[in-house]
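Colleague: Starting from these lines, generate the structure:
(one chain, ligands or ions: 3)
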Amino acid sequence: MRVDAKDMGADLQQVLITKEEIDAKLAELAAKIDAEYAGKDLLIVGVLKGAVMVMADLARALSTPLTMDWMAVSSYGAGTQSSGVVRILKDLDTDIKGKHVLIVEDIIDSGLTLSWLISNLGSREPASLKVCTLLRKPEAAKVAIDVEWVGFDIPNEFVVGYGLDYAEKYRNLPFVGTLAPHVYGG
Ligand SMILES: O=P(O)(O)OC[C@H]1O[C@H](OP(=O)(O)OP(=O)(O)O)[C@H](O)[C@@H]1O
Ligand code: HPA
Ligand SMILES: [Mg+2]
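Modeller: Residues are numbered from 1 along each chain as shown. Ligands and ions are numbered 1, 2, ... in the order given. A predicted model of the protein is given here:
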């Protein structure tokens with residue numbers, strides 16, 4: 001199914017990445033991740049709430065046996081700029097010491113959330129700690145982060161859909177799109 005900007009409502013400007021492109025990319029990433037973790041116990045950690053969709057679809061595309069856990073952090077609140085202050089809203093249920101941990105993110109924007117998360121989870125002594133993100137904005141990076149698996153590098157624009165919100169809305173769109181500036185006063 002092809003979704004055009006005109007079907008998206010006045011709040012949305014443009015489809016950046018279609019559902020079909022996301023599905024194909026996750027299949028490609030899953031094959032690489034399967035190869036990396038063959039014979040190892042894998043724990044995938046989803047970063048709530050944005051990573052819900054990518055976790056659900058990536059987990060089903062993987063064939064490596066795995067367990068799932070979730071962490072909720074927030075640095076954006078209701079705005080379109082990272083506050084830089086990361087708060088833990090929900091910690092992991094499991095002890096990750098000695099485990100092979102893969103952090104699954106929807107987006108790396110400034111990188112502040114992930115850099116904080118890597119140092120937080122890294123201090124818990126996992127056997128390995130790697131990152132998979134669906135989206136990354138190279139032009140927005142405020143800190144350099146070593147990321148093993150990236151789905152798409154995108155321009156420095158605020159995007160919504162496929163888990164990504166603006167003021168908690170649009171997470172359920174099946175594609176990634178840009179928000180019309182009038183919605184956030186741009
Ligand atoms: O690289 P950064 O600039 O730190 O931005 C990326 C983070 O921001 C978003 O989370 P948010 O804090 O909006 O919480 P949410 O997932 O519940 O929407 C997104 O899901 C990433 O976790
Ligand atoms: O572009 C974005 N859209 C939605 N949430 C976000 N969190 C960081 N960057 C973004
Ligand atoms: Mg958000």
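Colleague: Tell me how many other residues crowd the residue of the chain found nearest ligand 2.
Modeller: Per Cβ to the nearest ligand atom, the residue of the chain with the smallest distance to ligand 2 is Asp109, at 3.5 Å. For glycine as for every other residue, the C-beta is placed from the backbone atoms N, C-alpha and C. Counted by other Cβ atoms under 10 Å, the residues lying close to Asp109 total 26.
Colleague: ok, now Lys25?
Modeller: Counted with other Cβ under 10 Å, the burial measure for Lys25 works out to 19 neighbours.
Colleague: Roughly how far does the residue of the chain closest to ligand 2 sit from ligand 3?
Modeller: The spacing between Asp109 and ligand 3, counted by Cβ to the ion, to the nearest Å, is 10 Å.
Colleague: likewise Arg124?
Modeller: Arg124 sits 25 Å away from ligand 3, taking Cβ to the ion as the criterion.
Colleague: One more: Val143?
Modeller: 18 Å.
Colleague: That residue - that's part of a helix, no?
Modeller: No. Assessed with DSSP: H, G, I helix; E, B strand; the rest coil, Val143 is coil; it does not lie in a helix.
Colleague: Now for the closest residue to Leu42 other than its chain neighbours, how many residues are close by?
Modeller: If the residues on either side of it in the chain are set aside, Leu42 comes closest to Leu66, at 4.3 Å by Cβ to Cβ, 6 or more residues apart in numbering. Other residues lying near Leu66 total 18 when counted by other Cβ under 10 Å.
Colleague: so what's Leu66 scoring on pLDDT?
Modeller: Leu66 is assigned a predicted lDDT (pLDDT) of 98.
Colleague: right, and it touches Val45 too?
Modeller: No. Taking contact to mean Cβ atoms under 8 Å, the distance of 10.6 Å between Leu66 and Val45 leaves them out of contact.
Colleague: Noted, bye for now.
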